[in-house]
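[1] Coordinates for the following, if possible.
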Amino acid sequence: MSCVGLAQANECVVLLHGLIRSSTSMNKMQRELDDAGFVTANIDYPSRDYTIEELADMAVPQGLAECRSHDGVERIHFVTHSLGGILVRQYLSGNEIPELGRVVMLGPPNQGSIAADDMGGVPGFEWLNGPAGRQLGKGEDSVPRRLGPADFELGVIAGSRTIDPITSAVLDDPDDGRVSVEDTKLEGMTDFVVVEHSHAFMMRMQRPIELTIRFLRTGAFESE
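    Purely as a prediction, here's the structure:
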């Protein structure tokens, strides 16, 4: 992309999708990152089958291994959607990544989402969302709320458009249909931006993609 220039071949990006999604949801982001000169590792993980702790120990090491398998990679970044960002936080709470570069989280429930609490009693919630879904709320089982602040370079992209009025009814405005803008924020984050996109599709939209690449290259979403 001309707005950010090309990355060096020694930089790899691990992509982690969200809950009830697959790596295909990150395919457009991956293609744009490839075009920008990054090496990429788009990780597929069974988001509905395990707890956040178990998923973090599966997905993050797999991404690291794929990046490290490329000769010359010296820096490893992460680009995540929703639950994927919480997996990175969970992993870093107990592990170090010597090559860690920058992290971009799209629509992360960093403060939990009240929607997970309110919808948790609906029949079929557990079947659809699995054990990790229940851990994304704001109650005593919340994993995001017990994890600490960011001590790494973090850019957060929040969405302010919803296509789900039922879920949005329990969220503070503005929201993206799954998490409120305010609940995406995390103490210690380096930069923050709001885009007019919904939770389900923001990682496929051009502006969030361009902002992601700019942050990975410069450490900021907007040019000075």
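[2] Which residues are in contact with residue 216?
    Residue 216 makes contact with 7, 11, 13, 33, 38, 77, 79, 101-102, 104 under the criterion Cβ atoms under 8 Å, 6 or more residues apart in numbering. Just so you know, the C-beta spots here come from the backbone N, C-alpha and C atoms, and that holds for glycine as well.
[3] Am I right that it falls within a helix?
    Yes. The assignment for residue 216 (DSSP: H, G, I helix; E, B strand; the rest coil) places it in a helix.
[4] which ones among the contacts of residue 216 are found in strands?
    Assigned to strands by DSSP state E, the following of the contacts of residue 216 qualify: 11, 13, 77, 79, 101-102, 104.
[5] Looking at the residues you listed, state which has the most neighbours.
    Among those, residue 79 has the most neighbours (other Cβ atoms under 10 Å), with 32 neighbours.
[6] which ones are touching it?
    Residue 79 makes contact with 13-16, 26, 29, 33, 103-104, 106, 212, 216, according to Cβ under 8 Å, 6+ apart.
[7] Identify the bridge partners of it.
    On the basis of DSSP bridges, residue 79 is bridged to residue 15, residue 104.
[8] any idea how far it lies from residue 11?
    Residue 79 sits at a distance of 12 Å from residue 11 (criterion: Cβ to Cβ, to the nearest Å).
[9] Count the residues that sit near residue 62.
    Neighbour count of residue 62, defined by other Cβ under 10 Å: 16.
[10] next one: phi and psi at the closest residue to it other than its chain neighbours?
    In space, and not counting its chain neighbours, residue 62 is closest to residue 43: 5.4 Å by Cβ to Cβ, 6 or more residues apart in numbering. Backbone torsions for residue 43, taken as degrees, to the nearest 10, come to phi -90, psi 130.
[11] so residue 43 sits right up against residue 64, yeah?
    No. If you go by Cβ atoms under 8 Å, residue 43 and residue 64 don't touch, sitting 9.8 Å apart.
[12] Identify the contacts common to the two.
    residue 14.
[13] can you list the weak-confidence ranges in this protein?
    Within the chain, the set of residues satisfying pLDDT under 70 comprises 1-8, 117-128, 223-224.
[14] centroid residue for it?
    For the chain, the residue nearest the mean C-alpha position is residue 80 (2.6 Å; Cα atoms, centre = their mean).
[15] can you tell me how far that residue sits from residue 187?
    On the measure of Cβ to Cβ, residue 80 and residue 187 end up 18 Å apart.
[16] And for residue 130?
    For residue 130 relative to residue 187 (Cβ to Cβ), the value is 28 Å.
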